[in-house]
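In: next come a sequence and a model predicted from it.
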Amino acid sequence: MHYGGGIIANCIYMVDSVDILVLNGLEIDPNILGSKKEIRRKIRAKRGNWFHPELVDVFLKLSKSEAFWLSLLKVQNVGYAYSGIALNSMQEIEFEDLKSIVLIFSHIVDAKSTYTVKHSDGVADLSTTPMKF
């Protein structure tokens, strides 16, 4: 099977998938270890299909230990911090602060793929073109 973009891109895809599964599991059970078995089962089920077999094998080996899952507690802390914010509340933010947040997200996205760097730069250039007239 071909894993578009190579094994590194497939690794990022698998890590993102595990991250989503962890976050979904934390909504059900705030103890991250409670989701361990089901997450491992779901990743194993996609071995050779969505994810490169060697990546899945490494993930399954590493994720056997509780230490692996406990190292993900920062995700749990973010979820805990997020739970304190009302979903329907409005927060005012200065433009410069918003710009900083957008730049942080753009660096994260661009770090994953050279395509997104080129795309982001192209969109930025294109968006300023009408102002030149």
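Out: Now that the structure is in, tell me what you want to look at.
In: tell me the domain ranges of the protein?
Out: Domain assignment for the chain, taken from automatic domain parsing, gives 1-88, 92-133.
In: least confident of those domains, on average?
Out: Mean pLDDT values for the domains of the chain show the minimum at domain 92-133, a mean of 70.
In: how close does V56 get to S71?
Out: Distance, V56 to S71, using Cβ to Cβ, to the nearest Å: 19 Å. Placement of C-beta: from N, CA and C, glycine included.
In: and these two? which has more neighbours close in?
Out: V56 (21 against 12; other Cβ atoms under 10 Å).
In: the more buried one contacts I43, doesn't it?
Out: Yes. Using Cβ atoms under 8 Å, V56 is in contact with I43, at 6.0 Å.
In: joint contacts of these two?
Out: M14 (Cβ atoms under 8 Å, 6 or more residues apart in numbering).
In: how many other residues sit next to I12?
Out: Neighbour tally, I12, other Cβ under 10 Å: 14.
In: what about it, which helix or strand?
Out: Element membership for I12, per DSSP states H and E: helix 6-28.
In: from I101, how far off is V18?
Out: When V18 is compared with I101 (using Cβ to Cβ), they lie 25 Å apart.
In: out of these two, which sits in the more crowded spot?
Out: Legend: neighbour count by other Cβ under 10 Å for V18 and I101, higher for V18 (18 against 10).
In: residue boundaries of the helices in this protein?
Out: Along the chain, the stretches classed as helices by DSSP state H are 6-28, 36-45, 53-62, 66-70, 73-83, 95-112, 114-128.
In: buried ones in the fourth one?
Out: If I follow you right, that is helix 66-70. In terms of neighbour count (16 or more other Cβ atoms under 10 Å), helix 66-70 has its buried residues at W69.
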